[in-house]
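In: What shape does this take:
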Amino acid sequence: MRRFGMALVVLVALFHYSASRTLAQVGSKSDNSTVCYTAYDNEYFYFAAIVKKPVLAGTQSQPFSDPLKDDAVSVFLQVEEPDLGNKRTARSVQMTASVAGGVQLYRGANAIPLTGFGDFLRTVDGGTRSFKFGVTHQGNIGGDISSTSGYSVEIGIPWIELGG
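Out: Modelled structure (predicted):
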């Protein structure tokens, strides 16, 4: 892994699809909670989240789909560049995983989504480093309200996406 002389910024965002449920149906107290974990090695930044949510909504189940349409977890990584503030840069990457299992990686200042496996970056030895992911859910997606519903997401973002 190449060592960066700049700071790495990590931001995690949860997207909760607005299912047609009222607050009275879900309950007046919040049943939502999230626990996150991170790790890394020489080739990947790893992220895991356990999300508890009483209603699960999602339809995007394939790689390279649009998981932002669903309940989803996004991780944003950016190598800090001076004088740019909080704007995306060419060295920004976002990976999003849906409760339904869909996943997408968005690159650069314009958050361009990958279109398929051929879009993965090549290493100096000619190989590729694809993203890694896994999603499991508890409860029915689009089903009834349940205090035990939730999902877990595990992703691996290759350092090569940030220039490393």
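
In: CA atoms for contacts and neighbours, from now on please.
Out: Noted.

In: The host helix or strand of I157 - contacts with which helices or strands?
Out: Using DSSP states H and E, I157 sits within strand 150-158. Identification of packing neighbours for strand 150-158 by 3 or more C-alpha pairs under 8 Å, 6 or more residues apart in numbering; DSSP states H and E yields strand 44-52, strand 132-138.

In: who wins for proximity to V103 among those strands?
Out: Nearest to V103 among these is strand 132-138 (7.7 Å), distances taken as C-alpha to C-alpha.

In: got the angle between the closest one and strand 44-52?
Out: Here strand 132-138 runs at an angle of 10 degrees relative to strand 44-52 (axes from the mean of the first three to the mean of the last three C-alpha atoms, to 10 degrees).

In: returning to what we had before: now the strand holding I157: how far from the chain's centre is it?
Out: With C-alpha atoms, centre = their mean, to the nearest Å as the basis, strand 150-158 stands 7 Å off its chain's centre.

In: Name the strands paired with that strand and say parallel or antiparallel.
Out: strand 44-52 (antiparallel), strand 132-138 (antiparallel) (DSSP bridges).
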